[in-house]
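Asks: Structure, please.
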Amino acid sequence: MARGPAAVVPTQAALPDYDESGQLKIEPFKILAMRVVARDNQAATQVLVQWTHQDEADATWEFLEQFKKQHPEFQT
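Replies: Residues are numbered from 1 along each chain as shown. Predicted coordinates:
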């Protein structure tokens with residue numbers, strides 16, 4: 001019985017990083033969008049962040065001010 005072509009399995013170029021407690025190290029990968037929302041009756045900017053080792057569908061909204069403090073090395 002003839003077999004069809006083998007399925008293509010995506011691979012990762014490098015192993016993911018882990019922190020000192022053995023947890024997968026998640027860092028910002030890309031800013032997908034920005035929006036302004038009301039926070040304590042004032043305008044506040046949020047950024048939609050795609051994280052390393054995560055799909056775009058798993059991106060999260062983060063307040064820009066807090067995001068910059070937590071990830072000063074990341075250029076927004």
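Asks: quick one: the residue most central in space within the chain from residue 69, how far?
Replies: Nearest to the mean C-alpha position of the chain, counting by Cα atoms, centre = their mean, stands residue 51 at 1.2 Å. Noted for residue 51: a distance of 17 Å to residue 69, by Cβ to Cβ, to the nearest Å. Where you see a C-beta, it was placed from the backbone N, CA and C, and this is true even at glycine.
Asks: the strands in this protein, which residues?
Replies: Using DSSP state E, the strands of the chain run over 28-39, 42-51, 60-63.
Asks: how about low-confidence regions in this protein?
Replies: Applying pLDDT under 70 to the chain flags residues 1-2, 4, 11-14.
Asks: give me that answer again for 50
Replies: Counting by pLDDT under 50, the chain contains no low-confidence segment.
Asks: quick revisit: the residue nearest to the centre of the chain bridge partners, please.
Replies: Counting by DSSP bridges, residue 51 is bridged to residue 28.
Asks: Tell me which residues touch it, please.
Replies: 26, 27, 28, 29, 58, 59, 60 (Cβ atoms under 8 Å, 6 or more residues apart in numbering).
Asks: Return the closest of those with respect to residue 40.
Replies: Using Cβ to Cβ, residue 60 is the member of those that sits closest to residue 40, with 20.4 Å.
Asks: Quick check: the closest one vs residue 41, distance?
Replies: According to Cβ to Cβ, residue 60 and residue 41 sit 24 Å apart.
Asks: Have a look at those two and say which one is more surrounded.
Replies: In this view residue 60 and residue 41 are compared by other Cβ atoms under 10 Å, and residue 60 has more residues nearby, 11 against 5.
Asks: For residue 52, give its distance to residue 66.
Replies: Applying Cβ to Cβ, the value for residue 52 to residue 66 is 19 Å.
Asks: Could you do residue 75 as well?
Replies: 16 Å.
Asks: Of these two, which one has the most company?
Replies: Using other Cβ under 10 Å as the criterion, residue 75 and residue 66 rank with residue 66 on top: 11 against 8.
Asks: Give me the neighbour count for the spatially closest residue to residue 68 that is not a sequence neighbour.
Replies: The spatial neighbour of residue 68 that comes closest, neighbours along the chain excluded (Cβ to Cβ, 6 or more residues apart in numbering), is residue 76 at 6.7 Å. Neighbour count for residue 76, taken as other Cβ under 10 Å: 12.
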